[in-house]
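Engineer: sequence isn't available, so here's the structure alone:
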């Protein structure tokens with residue numbers, strides 16, 4: 001019989017964002033409701049949370065963490081035209097508001113806050129950090145979209161033409177890119193799951209979406225040195241979707257003191273969902289080891305602050 005302490009519970013809820021759009025949210029948590037930290041997951045482009053991140057969340061919850069997810073507008077079960085990112089900043093605002101509201105609940109105020117994002121979600125996590133630089137206790141960045149791989153991008157002339165067209169026909173599926181599903185997910189079973197999941201977007205990128213993601217990646221690539229929170233960045237060496245060399249540059253140039261870089265030979269893009277089972281075990285072993293260290297460091301720091309506060313109060317008395 002499975003230990004009750006490791007039983008995974010799941011809840012989902014729709015909320016309405018500041019623009020009046022219905023957004024899907026979900027959470028996984030230990031049955032005993034005692035968690036070491038809150039982990040906030042940001043999904044990749046065209047993906048969603050409740051189905052494709054189920055195994056990822058289960059692994060984390062069984063290790064004692066609480067996981068929260070949100071389907072961005074135009075993704076998954078949220079409202080909006082599927083696959084359309086009209087304004088990346090709007091998505092960042094939605095995710096920031098939802099995650100912050102959870103952190104500010106009375107029962108969560110002393111709990112460690114960790115961002116976790118894959119691909120576009122990695123870019124989202126970095127933008128969330130930029131929005132509130134001292135708020136998050138750390139970030140797990142899986143193949144973050146700091147630079148789109150050259151093989152995924154049209155040539156510069158085509159990019160210029162498509163950028164102009166994005167203002168006229170923003171929702172049209174005209175971006176000439178290889179099939180992302182075939183390039184991102186190494187496990188054939190996962191590729192089939194993604195293609196049959198009605199909440200994932202499989203068509204060619206819409207023009208405005210391509211423009212937004214390209215612009216965001218350029219912006220992040222230029223400002224990697226500004227990243228100051230503790231982070232773990234993981235990348236497959238054979239990633240053909242986002243550029244692993246830029247994850248190394250992030251690690252080397254970020255001003256953060258506490259930073260770790262893992263490059264996995266032979267692995268592809270989606271390390272949290274699309275890799276072969278034995279590779280997923282390796283990746284999550286590294287993630288859980290990093291999390292344990294972060295939670296221990298954060299709790300020790302909080303206990304020291306409490307001790308100093310109590311000592312000051314005793315002296316005053």
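Structural biologist: Nice, I can see it. Only a predicted model underlies this, so the values are computations on that prediction, with no experimental measurement involved.
Engineer: now do the SS call for the residue nearest to residue 244 when sequence neighbours are not counted.
Structural biologist: The spatially closest residue to residue 244, leaving aside those adjacent along the chain, is residue 235, at 4.1 Å (C-beta to C-beta, 6 or more residues apart in numbering). Any C-beta I mention is one placed from the backbone N, CA and C, and that applies to glycine too. Three-state assignment for residue 235 (DSSP: H, G, I helix; E, B strand; the rest coil): strand.
Engineer: in contact with residue 235, which residues?
Structural biologist: Residue 235 makes contact with 142, 143, 242, 244, 247, 248, 261, 262, 263, 264, 271 under the criterion C-beta atoms under 8 Å, 6 or more residues apart in numbering.
Engineer: flag every buried residue along the strand or helix carrying the fifth one.
Structural biologist: Residue 247 is part of helix 244-253 when elements are defined by DSSP states H and E. Neighbour-count burial for helix 244-253 flags 244, 246, 247, 249, 250, 251 (criterion: 16 or more other C-beta atoms under 10 Å).
Engineer: contact partners for the fourth one?
Structural biologist: By C-beta under 8 Å, 6+ apart, the residues touching residue 249 are 146, 224.
Engineer: now do 10 Å
Structural biologist: Taking C-beta atoms under 10 Å, 6 or more residues apart in numbering as the contact definition, residue 249 lies against 146, 147, 221, 224, 225, 243, 261.
Engineer: out of those residues, who's nearest residue 186?
Structural biologist: Checking the contacts of residue 249 against residue 186 with C-beta to C-beta, the nearest one is residue 243 at 17.5 Å.
Engineer: what about the closest one, distance to residue 122?
Structural biologist: With the distance defined as C-beta to C-beta, to the nearest Å, residue 243 ends up 12 Å from residue 122.
Engineer: one more: residue 129?
Structural biologist: Looking at residue 129 against residue 122, where the rule is C-beta to C-beta, the gap reads 11 Å.
Engineer: which of these two has more residues huddled nearby?
Structural biologist: Under the neighbour definition other C-beta atoms under 10 Å, residue 129 and residue 122 were set side by side, and residue 122 has more, 30 against 22.
Engineer: all helices of the protein, in order?
Structural biologist: Under the criterion DSSP state H, helices of the chain are mapped to 54-62, 88-103, 120-131, 156-166, 180-184, 188-196, 207-222, 244-253, 277-316.
Engineer: just how off-centre is the third one within its chain?
Structural biologist: For helix 120-131, the distance between its averaged C-alpha position and the chain's averaged C-alpha position is 8 Å (C-alpha atoms, centre = their mean, to the nearest Å).
Engineer: would you enumerate the residues in contact with the closest residue to residue 220 other than its chain neighbours?
Structural biologist: Once its chain neighbours are removed from consideration, residue 220 has its nearest residue in residue 146; the separation is 4.7 Å (C-beta to C-beta, 6+ apart). Residues in contact with residue 146, defined by C-beta under 10 Å, 6+ apart, are 122-123, 126, 216-224, 227, 233, 235, 242-243, 245-247, 249-250.
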